[in-house]
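Undergrad: any chance you can model this:
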Amino acid sequence: MRVLLVVLFSIFSFACSDSSTPSKTFEPIGDKVSEQVEPKSNVQVPNNQSLSAYRIAITGNSHVSGLGGVVSSIIKQMSDEKTAESQMIGHGFLDVSFKSTSSLEALANDNWSHIILQGQKYSQSRTTNYSTTGAQRWIARAKDAGVTPILFPEHPQRGDDTEAKYVYGLHQVITAQQASCIAPVGLVWDRVLQLMPQIELHATDGNHASALGKYLTALVFAEVITGLRIDSVTLDPVSGLLPDEQLLMAQAVSEIIFQHPACPF
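TA: As a prediction, the model looks like this:
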C-alpha cells in the first residue's frame, strides 16, 4: 500500500511546480512597503534543527490556539532522542504583540530554540496593504537572541483556492527584507485537499482549523523545526484518519517542503 500511495502522490504532482527541482519561486504578491526595522541588521537565520531539546515559543491569534502541544507531541514521536516543549509568549497580530514588553523579555531571556510567528495582517479582498514592520522586528529580535524564527502563513479559508498562494507570497516579501524560515502551511493544505477532497480540515466556521487541520499544520512545523522528513517516521495513529490517509498527509508535507524549502540553510 505504501508503494501505491507513493505512486499516486507522484501522479498528482504539485500544481505550482513543473519539475521536482526544489524551488522557492513565487510571485511576491502582497505588502511591498519598505520600512526600517529595529535592530536594523539582517543577520543569518540561526539553525537549531540539530538540537535534542526544542523549546518553542509561539505568538499569534486564535489560529495558534493549542498548536504548540500538538507540535511537541509529534516531535517526540519522530525520535526517541528528541524532546520538545512549547509556550505562548505573545497574543494577537504581530504588530501588536511586538509592543508587549513581557513578550520581548520572554523571547530574550527564556532560552528558546524556535519561535512560531503568526498574525501578519493581510487583506482578504487583496485591496489593502498592511505594514510588515511588526513581523520584521520579531524576526530580527529572535535572530539576535539565537532563536530560529518561523513565519506562519495561515491556511486558506474553506473554498478559496487562491488565498494560500497569496498569503505565502506576502510572507516571502517579508523574508526578502528580513531573513526567516517560512512554514508553507497553506500550500500543504492546498495539496492535501487536492489529494483528499473529502477530508475536513476546517472547523465549522470555515476559517479555523479542525482537529485534523491542526494536526496537518503541526506536521509542517515538526518537519521545519527538526529538519527530519515527516514521511520517513512512524507516527502514532490519529483519530479520524485511516493509516493510509495519515501517510498520504505526511507525504504531502514532506513533498511541499522539498519543493519550497522552509529555511535558508
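
Undergrad: quick check: Gly134 touching Ser100?
TA: No. With contact defined as Cβ atoms under 8 Å, Gly134 does not count as touching Ser100 (11.0 Å). In this view, the C-beta of every residue, glycine as well, is placed from N, C-alpha and C.

Undergrad: tell me which of those two has more neighbours.
TA: The residue with more neighbours, out of Gly134 and Ser100, is Gly134; 23 against 16, by other Cβ atoms under 10 Å.

Undergrad: check the gap between the more buried one and Gln124 for me.
TA: Separation of Gly134 from Gln124 (Cβ to Cβ, to the nearest Å) stands at 19 Å.

Undergrad: do the same with Leu219
TA: Look at Leu219 and Gln124: by Cβ to Cβ, they are 25 Å apart.

Undergrad: just want to know which of these two has more residues nearby.
TA: For Leu219 versus Gln124, neighbours defined as other Cβ under 10 Å are more numerous around Leu219 (26 against 11).

Undergrad: sticking with that one, tell me its helix or strand.
TA: Assigned by DSSP states H and E, Leu219 belongs to helix 211-226.

Undergrad: helix or strand right after that helix?
TA: Where DSSP H and E defines the elements, the next helix or strand beyond helix 211-226 is helix 243-259.

Undergrad: show me what that next one is packed up against.
TA: Other helices and strands packing on helix 243-259, by 3 or more Cβ pairs under 8 Å, 6 or more residues apart in numbering; DSSP states H and E, are helix 2-11, helix 185-195, helix 211-226.

Undergrad: in a markdown table: the ones you listed, plus mean pLDDT.
TA: A markdown table is the format used below for the helices and strands packed on helix 243-259 (pLDDT from 0 to 100):
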| stretch | mean pLDDT |
| --- | --- |
| helix 2-11 | 42 |
| helix 185-195 | 98 |
| helix 211-226 | 98 |
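
Undergrad: can you put those helices in a markdown table and add distance to Val43?
TA: What follows is the helices and strands packed on helix 243-259, written out as a markdown table (distance: least, Cβ to Cβ, whole Å):
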| stretch | distance to Val43 |
| --- | --- |
| helix 2-11 | 37 |
| helix 185-195 | 25 |
| helix 211-226 | 19 |
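
Undergrad: mind checking those for the one nearest to Ile115?
TA: Closest to Ile115 of the helices and strands packed on helix 243-259, according to Cβ to Cβ: helix 211-226, at 10.6 Å.

Undergrad: just the endpoints, please. Distance across stretch 147-156?
TA: End-to-end distance for stretch 147-156: 28 Å, by Cα to Cα, to the nearest Å.

Undergrad: that one - what's its average pLDDT?
TA: Stretch 147-156 shows a mean pLDDT of 98.
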